[in-house]
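Participant: Structure, please.
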Amino acid sequence: MPPIVDVGQVLKDQVALVTGASSGIGASVARELARAGAAVAVNYAGNPAGAQTVADAITAAGGRAIIVKADVSVEADVTAMFAAVIEAFGRLDILVSNAGLQRDAAFVDMTLEEWDRVMAVNLTGQFLCARAAVRQFLAQAPRPEVSAALGKIICMSSVHDVIPWAGHVNYAASKGGVSLLMKSLAQEIAEKKIRVNAVSPGAIRTPINRAAWETPEAEAALLKLIPYGRVGDPEDIGRAVVWLASDASDYITGTTLYVDGGMTLYPEFREGG
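Facilitator: This next block holds a predicted model:
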């Protein structure tokens, strides 16, 4: 577990929507945003109990939270989700587009459904949510006393937007797409005072990759890929998102923050290459 860092109320009076926030990285992001002062909409697709647990933890700590169901790959769901957020909180300041999934297979065995589903959630979902967020940002009045930017979008990507991943071609391709979606969008709307960035996690202790770190043997093998010498925790990602959503990073847009303990340094080459 990383050390506790008190960032204060750097997001006070702001409203955040976190997609895929019922567990894992998304849940931690939602909690960290709330701890920094934001009201948080906790999105889920199929785990209402998990989303409610996250929202309850936020409200028990004195924050504000709602849960909202939506499949981010479905346009009507995304429209309804944003409407629910605005109805509950009156505006939106931060979108963390975190929802994603894997459907792993060897390339020759991968079905079109496995390809399409990953692309629909991981890439089309980012497009639909970012478009809805930008439209909302442009429709609402700026509050420079609260946030220097009119709105902030943080796209959750992966180290596999730059590291090829055999057996996961659909996932890696979707994350590569997220990278250029983020950069192209940031370029297009920076003049509107909307910032768009990405966070690319490395190996993080979440249920989706439990097999990679649960046993000492598995963790030892994984650590060979992580120069910093530990597997990341969801809080590592949550804190990075808070910083990117705050005015502390106001001059940053179109950038990917790799939170990976050095995985993208290709540690296999430490021994001479």
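
Participant: so where do the strands sit in the stretch 51-200 of the chain?
Facilitator: 65-69, 94-97, 151-156, 194-201 (DSSP state E, counting those that start in this stretch).

Participant: May I see those arranged in TSV, with mean pLDDT as well?
Facilitator: Converted to TSV, these look like this (pLDDT from 0 to 100):
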stretch	mean pLDDT
strand 65-69	98
strand 94-97	98
strand 151-156	98
strand 194-201	98
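
Participant: Dump these into JSON lines; add mean neighbour count and distance to Pro216 as well.
Facilitator: Any C-beta I mention is one placed from the backbone N, CA and C, and that applies to glycine too. JSON lines is the format used below for the strands of the stretch 51-200 of the chain (neighbours: other Cβ atoms under 10 Å; distance: least, Cβ to Cβ, whole Å):
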{"stretch": "strand 65-69", "mean neighbour count": "22", "distance to Pro216": "36"}
{"stretch": "strand 94-97", "mean neighbour count": "30", "distance to Pro216": "33"}
{"stretch": "strand 151-156", "mean neighbour count": "26", "distance to Pro216": "29"}
{"stretch": "strand 194-201", "mean neighbour count": "25", "distance to Pro216": "22"}
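
Participant: CSV for the ones you listed, including distance to Ala221?
Facilitator: Shown next, in CSV, are these (distance: least, Cβ to Cβ, whole Å):
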stretch, distance to Ala221
strand 65-69, 37
strand 94-97, 31
strand 151-156, 25
strand 194-201, 19
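
Participant: Show me which positions of the lowest-mean-pLDDT helix or strand in the chain end up buried.
Facilitator: Least confident helix or strand, the chain: helix 216-223 with a mean of 90, by mean pLDDT, DSSP states H and E. Across helix 216-223, burial judged by 16 or more other Cβ atoms under 10 Å covers 219, 222-223.
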